[in-house]
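**Student:** dropping the sequence and predicted coords here.
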Amino acid sequence: MFANLLTNYEEAAAIILFGIGFTTLLLQRNMIKKIIGFSMMDSAIYLFLAAKGYIEGRGAPIVVNGVQSVEAYINPIPSGLVLTGIVVSVSVSALMLALTVRLYRRYHSLDIDEIATMVRKEEP
Amino acid sequence: MELWQNIPFFSILLSLASASFTSIMPARAARRTAIVVTSAVLCMSAALIGFTTAYGGSYTFMMGHFPAPWGNEIRAGVLEAVTAFAFSLIMLISLLGGLTKIEEHVEEGKQNLYFIMCELLLTALLAQVYTNDLFTAYVFVEIMTIAACSLITSRIKGRTLFAATRYMIMNLLGSGLFLLGLTLLYDLTGHLLMEDIREQVRMLAQTGLYHQPLTVVIALMCIGLAIKSALFPFHTWLPDAYGYSTPASSAMLSSLVSKGYIFLLIKIIYRVIGLDVIRDSGIDNVLLIFALVGIVMGSVSAIRERDIRRMVSYSSVAQIGYIFMGIGLGTEAGLVAALFHIIAHAAAKSMLFLSTSGLCEVSGERRLFRDLRGSAYRNPIAGIAFVVGAFSMVGIPFMGGFMSKLCFASAAMETGGARMLLVLLVLAISTALNTLYFLRTVITIYRPTIREYPEAASFRPHASFVVAMVAAIAVNVALGVCSQPVLNAIAAGLTCFG
């Protein structure tokens, strides 16, 4: 059990990071911390993907010096997925930050529970 | 390859391209573009239904220049065509019905942005319906989340901002879980295309290898998409998000956004993992229990509500429960019932949200029941539409909702045992509860009042609203009266789906 965790330590770390990010996004009351949690959660998945795509002793999947052998390169698909995923999570973070700015301008608070009470008071 | 096989690709490309061009258009042109594009997609999907029925099966369409195991694919059959047709039809009705309200609620000078989001939503829906690649599905899930969030905040109020924030938080949790499940599944099988994953999963199930990771994958994907489509107990974001945004947004969110995720989930269950593997993992039982509790709790919350928009929103929670109940039955008949209910509920709920806005408009924009008395006399077309929608939700014969309840019941009869008893019991209870709150509302809006409503005296419903309501009523009645062809198409589509 523990031996497996040690050999796959990158994946294990990624899942732990995912858990930390997930609980931060779910339970933190501060919006900025929530967004940090979201970034951690997504980055953890990218770490997992990158770790899975890596093959010991091989190079990045970019053809250099005309070497075309499959043996020379790591699996390029996980790297491609990570790039796509980063684009998605950047745009979502931007949207979340924009929402936070809007909320802060209106209620002068970053605390989601405090905002909830103010919203209900403002428009019952 | 025939020319018609390009239709799915064309419809995705058309809506995506028009979304980019709309950004430089003035509001009026943007509005026209959105309506024309949605109608064009509607016509193309209708043509695709005809072609795929004649073709008698499904086909895959290679995207780019890389063949199957590496490249990206689109896949279309009767089921996809019917779903795309229903989604674009309901999108068109929602847009038309909410047009005057969009002008009123969305800030001057930013109205073209609203239509961009509608077109992006349509793109994401179509892509989720047609795609054959799981990661593409994930990307479009996120695009749909972003578009839906913008649709909620398009009417700037404290309530909508807060609702959108909560919506985003819950949705990001859901998509995080879905992405993790997807990553693990890619690790287990080494593929992203659905057929290839299916083959590998079948092999894994036969050999018993990686049994636990596979169960985790199924659980992660089901829970992720269940959070995003507001299955009880993950529905807390729903009433605010649906209840305060502009009516067109509420109609689209309730009838299209959550349904898109459920369609994707059905696709994953049926095409990627396989029904037998799902049944072995026991996840279908979990979904069934959540669904049954959700049906009852959603209806109870709706009964306690005094605000008509929020009541209709809570009724969505119950209806999402119905759809997940069909999935949770774990049989093909259950899936057919769930797919039919996706369409029936989408048609009824979008109409309910639009007609509710029409009723509130003639009551001084007040939304509590006591202010809505007699509103059906002040806005007759909205009153009739609300009654038809309510009847469909309750399950009166000759309405879409009746057929789907019948399908759920007969699907439950097939499974037998404790499941059958539970499902039938909950169906009976929820019908009674639905009747309670919907008929109460119908009686309220038709009860004469002595109160004066000055704004109602000169009220004339806008032509687009009337057209949308008449079309929506026609769709709902058609779904009830001629449900058999739709059901046959869904069943035939499901056979060539796997």
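**Tutor:** Arrived safely.
**Student:** for the stretch 51-200 of chain B, which segments count as helices?
**Tutor:** B:78-97, B:99-105, B:111-130, B:134-153, B:158-189, B:194-207 (DSSP state H, counting those that start in this stretch).
**Student:** can you check chain A too?
**Tutor:** Here chain A has its helices, by DSSP state H, at A:2-7, A:9-27, A:31-53, A:76-107, A:112-122.
**Student:** export these to TSV and tack on mean pLDDT, mean neighbour count and distance to chain B?
**Tutor:** Where you see a C-beta, it was placed from the backbone N, CA and C, and this is true even at glycine. Converted to TSV, these look like this (pLDDT from 0 to 100; neighbours: other C-beta atoms under 10 Å in any protein chain shown; distance: least, C-beta to the nearest C-beta, whole Å):
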stretch	mean pLDDT	mean neighbour count	distance to chain B
helix A:2-7	81	9	12
helix A:9-27	94	16	6
helix A:31-53	94	20	5
helix A:76-107	93	16	5
helix A:112-122	90	15	5
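**Student:** which element is the most centrally placed residue in chain B on?
**Tutor:** Compute the mean C-alpha point of chain B, and by C-alpha atoms, centre = their mean the closest residue is B:K259, 2.5 Å away. B:K259 belongs to helix B:258-267 when assigned by DSSP states H and E.
**Student:** for the helix or strand following that helix, the averaged confidence score.
**Tutor:** Using DSSP H and E, the helix or strand that follows helix B:258-267 towards the C-terminus is helix B:275-281. Regarding helix B:275-281, the rounded mean pLDDT is 89.
**Student:** pLDDT weak spots in the stretch 51-200 of chain B?
**Tutor:** Counting by pLDDT under 70, the stretch 51-200 of chain B contains no low-confidence range.
**Student:** so which bits of it are right by chain A?
**Tutor:** B:70, B:135, B:138-139, B:142, B:145-146, B:149-150, B:153, B:157-159, B:161-162, B:164-166, B:168-169, B:172-173, B:176-177, B:179-180, B:183, B:186-187, B:192 (C-beta under 8 Å from any C-beta of the partner chain).
**Student:** could you flag which of these are buried?
**Tutor:** Buried members of these, scored by 16 or more other C-beta atoms under 10 Å in any protein chain shown, are B:135, B:138-139, B:142, B:145-146, B:149-150, B:153, B:157-159, B:161-162, B:164-166, B:168-169, B:172-173, B:176-177, B:179-180, B:183, B:186-187, B:192.
**Student:** do the helix holding B:K259 and chain A meet at all?
**Tutor:** No. Helix B:258-267 lies out of reach of chain A by C-beta under 8 Å from any C-beta, never closer than 15.8 Å.
**Student:** helices or strands up against that helix?
**Tutor:** Here helix B:258-267 touches helix B:78-97, helix B:111-130, helix B:134-153, helix B:211-228, helix B:308-328, helix B:332-361, going by 3 or more C-beta pairs under 8 Å, 6 or more residues apart in numbering or on different chains; DSSP states H and E.
**Student:** tilt between that helix and helix B:332-361?
**Tutor:** Taking axes from the mean of the first three to the mean of the last three C-alpha atoms, to 10 degrees, one finds helix B:258-267 and helix B:332-361 inclined to each other by 170 degrees.
**Student:** which other residues reach helix B:258-267?
**Tutor:** B:83, B:87, B:124-125, B:128-129, B:137, B:141, B:144, B:194, B:221-222, B:225-226, B:228-230, B:316, B:320, B:323-324, B:327, B:335, B:338-339, B:342, B:345-346, B:497 (C-beta atoms under 8 Å, 6 or more residues apart in numbering or on different chains).
**Student:** likewise for stretch B:198-211?
**Tutor:** B:188-191, B:214, B:271-274, B:276-277, B:280, B:498.
**Student:** so which of the residues you listed is the most crowded?
**Tutor:** The most crowded member of the contacts of stretch B:198-211 is B:V272, carrying 26 neighbours; neighbours defined as other C-beta atoms under 10 Å in any protein chain shown.
**Student:** that one contacts B:D133, correct?
**Tutor:** No. Applying C-beta atoms under 8 Å, one finds B:V272 not in contact with B:D133, separated by 10.7 Å.
**Student:** shared neighbours of those two, anything?
**Tutor:** By C-beta under 8 Å, 6+ apart, B:V272 and B:D133 have these common neighbours: B:M194.
**Student:** for B:H341, list the residues it contacts.
**Tutor:** Shown in contact with B:H341 (C-beta under 8 Å, 6+ apart): B:Q319, B:Y322, B:I323, B:G326, B:S404, B:C407, B:F408.
**Student:** which non-adjacent residue is nearest it?
**Tutor:** Nearest non-adjacent residue to B:H341, counting by C-beta to C-beta, 6 or more residues apart in numbering or on different chains: B:S404, 3.9 Å away.
**Student:** also A:V82?
**Tutor:** In this structure, A:V82 finds its nearest non-sequential neighbour in A:Y46, 4.6 Å apart by C-beta to C-beta, 6+ apart.
**Student:** for that neighbour, give me its contacts.
**Tutor:** The contact partners of A:Y46, by C-beta under 8 Å, 6+ apart, come to A:V82, A:G85, A:I86.
**Student:** from B:N476, how far off is the first one?
**Tutor:** Separation of A:V82 from B:N476 (C-beta to C-beta, to the nearest Å) stands at 45 Å.
**Student:** and for A:N30?
**Tutor:** 45 Å.
**Student:** of these two, which one has the most company?
**Tutor:** Shown here are A:N30 and B:N476; by other C-beta under 10 Å, B:N476 has more neighbours (24 against 15).
**Student:** that concludes my questions; thank you for your assistance.
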